[in-house]
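Undergrad: Would you be able to build a 3D model of this:
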Amino acid sequence: MATTHIKRSTSASRLVNYAEKRAVKKDGLNLDIQYAKSEFKQVRAVYGNSGKTQAYASRIAFSPLEFNPQDPHDQTTVLAVAKEVYAKAYPNQQVALYEHADTDSLHVHAVIGAINLETGQKMHGNWHQYRDHLVHITDQVCQEHGLMVTQPDPNRHEKRSMAEIKLRAKQQPTWKDQIRQAVDHTMQNPLIRDFQAFQDDLKQQAVKVWERGKNLTYQLLGTNYKSRGTKLGIDYEKETIFNELASRQTQSRINQQPKRAINATTDPTQSDPDRTPELPGHSDSTTINSQNVPRSTASSDRTDRRQVNQEFQMTLNNLDSNNASSQAQLKQTLQNAYAVFQKQTNLISQQNLTALKQIQTEQGQNNQRLSQLSDQVNQTIQETMDQVADQVDQQLQATKKRFSWYEIKNYLLAVIPTGILTGLVFWLLTRYFS
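TA: Numbers count the residues shown, from 1 in each chain. Model prediction:
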């Protein structure tokens, strides 16, 4: 059984420094593990993509029931399984793998380069997509190797970090628990039926909540402690909260519809059965009238009541038929809207694909132009260097020639007077002393 984790990092070198210190074994994908930091840096420089995100830190931990951290054979097996997982999950990324055996379970730290070696683009997506993708590949590889596959707990509605688990073991409350308790208290109130009421009630409990994209963000008032609903658990996510509020609104409308129908069809003069018109000027007129009502009047009253009941039933039937027709119209409207949405989505996707192809074509043309320009620059530089070398050689030859004539001249100027003087001395000696 293997558990996975992945998160974004702004420094690949820092991740490598941490993982490399306590590694018992290490290996790499698309890089030399001995020079991981320099190769990460070279790829970022080559593609000119030195943004904020440099790498992703990931970890795969294996159950101590399957592998012994101190067994060299198990260490080799775990590293091979981890390498296969990352090779399938990120075949075009640089991945540095470092295996640690300093806990109860063997685990492998992976430093994943953010740049795709084929496209030169960075990894795009969110934390959930990366984790789900890695979990799926990990379970697949573990199953192929006969290892246990991690089974998620369907009843787990809260997510707790390791720090929260340790504080809870010490019976110390956390600020995330305060937010969870406030949300639970608010949702227990059946009168909370919309998001505005949800916000107002939480504000009274010193918790601020607002929408942020597909998530809800909670913050304790007066502090910098804030967390997304996805970090707190399923019960605190935007989808769960909004579905519950929508369900309460629907139930409230259903409960109010029969009352409106009854109030609309009931005669206000018959709301009080004890109320009968009293003749003016006689206190016993009510009794006298009730005693002297003929049978025809009683029959007409029954007919009127039957007619009122029929009209009431017809009203209910009309309401049901209207609801059915409204539902049919709504269904047809939704289907039409979905068809239009699907058509627009396909059109946008096609336009995006066309734009991507055009970008790729232009990128290829630009690369070709850059290659041609680089060749031209190199050729120009070579020709310039050759010309400079020829000129330097010519200057040297000319300098050598000038230097040789200069030496001969100086030699002659130094030798001729000396020879003449020496000849004159010998002549004088031979003339006067011979």
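Undergrad: ok, how many other residues are close to residue 219?
TA: Residues lying near residue 219 (other CB atoms under 10 Å) number 17. Every C-beta, even on glycine, is put in place using the N, C-alpha and C of the backbone.
Undergrad: hang on, it is in a strand, isn't it?
TA: Yes - secondary structure of residue 219 (DSSP: H, G, I helix; E, B strand; the rest coil): part of a strand.
Undergrad: Identify the residues contacting it.
TA: 207, 208, 209, 225, 226, 227 (CB atoms under 8 Å, 6 or more residues apart in numbering).
Undergrad: Scan those and report the most crowded one.
TA: Busiest of the contacts of residue 219 [other CB under 10 Å] is residue 209, holding 24 neighbours.
Undergrad: Given the helix or strand harbouring that residue, what are its sheet partners and their directions?
TA: According to DSSP states H and E, residue 209 maps onto strand 207-212. Note on strand 207-212: by DSSP bridges, its sheet partners are strand 215-220 (antiparallel).
Undergrad: I'd like the average pLDDT over the partner strand.
TA: Mean pLDDT, taken over the full extent of strand 215-220, equals 92.
Undergrad: Tell me the helix or strand right after it.
TA: Scanning onward from strand 215-220 (DSSP H and E), the first element met is strand 226-228.
Undergrad: what does that following strand contact?
TA: 176, 179, 212, 215, 216, 217, 218, 219, 220.
Undergrad: just the buried members of those residues?
TA: 176, 179, 215, 216, 217, 218, 219, 220 (16 or more other CB atoms under 10 Å).
Undergrad: What is the most widely separated pair among these?
TA: 215 and 220 (17.2 Å; CB to CB).
Undergrad: ranges for the helices of the chain?
TA: 12-21, 36-47, 72-89, 127-144, 162-169, 175-187, 195-204, 229-232, 238-265, 285-291, 295-433 (DSSP state H).
Undergrad: check contacts around residue 25.
TA: 75, 76, 79, 98, 99.
Undergrad: Let's have those in TSV, adding neighbour count and distance to residue 247.
TA: Shown next, in TSV, are the contacts of residue 25 (neighbours: other CB atoms under 10 Å; distance: CB to CB, whole Å):
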residue	neighbour count	distance to residue 247
75	20	52
76	12	54
79	20	50
98	27	49
99	23	49
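Undergrad: one step back: angle of the strand holding residue 209 against helix 175-187?
TA: 90 degrees (axes from the mean of the first three to the mean of the last three CA atoms, to 10 degrees).
Undergrad: Quick one: neighbours of the nearest residue to residue 242 once chain neighbours are set aside, just the number.
TA: Spatial nearest neighbour of residue 242, excluding adjacent residues (CB to CB, 6 or more residues apart in numbering): residue 195 at 7.2 Å. For residue 195, the neighbour count with other CB under 10 Å is 16.
Undergrad: Give me the local confidence score for residue 238.
TA: 91.
Undergrad: didn't it look like it was pressed against residue 215?
TA: Yes - counting by CB atoms under 8 Å, residue 215 is a contact partner of residue 238 at 5.5 Å.
Undergrad: Identify the contacts common to these two.
TA: Common neighbours of residue 238 and residue 215 (CB under 8 Å, 6+ apart) are residue 229.
Undergrad: Can you report how many residues lie near the residue nearest to residue 88 when sequence neighbours are not counted?
TA: Of all residues not flanking residue 88 in the chain, residue 137 sits nearest, at 5.1 Å (CB to CB, 6+ apart). Residue 137 has 18 neighbouring residues, counting by other CB under 10 Å.
Undergrad: Could you shift the numbering so residue one becomes 58, and keep it that way?
TA: Noted, 58 is the first residue going forward, which turns the last one into residue 194.
Undergrad: OK, contacts around residue 194?
TA: 142, 145, 146.
Undergrad: hmm, 10 Å instead?
TA: Going by CB atoms under 10 Å, 6 or more residues apart in numbering, residue 194 touches 61, 141, 142, 143, 144, 145, 146, 147.
Undergrad: and of those, the nearest to residue 309?
TA: residue 61 (43.2 Å).
Undergrad: separation between residue 434 and residue 62?
TA: 48 Å (CB to CB, to the nearest Å).
Undergrad: Does residue 67 touch residue 107 like I think?
TA: No - contact between residue 67 and residue 107 fails when scored by CB atoms under 10 Å: they sit 11.1 Å apart.
Undergrad: will you turn the buried ones among the contacts of strand 283-285 into TSV that also has distance to residue 176?
TA: Output for the buried ones among the contacts of strand 283-285, formatted as TSV (distance: CB to CB, whole Å):
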residue	distance to residue 176
233	39
236	41
272	29
273	34
274	33
275	38
276	38
277	42
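Undergrad: Sweet, I'm off.
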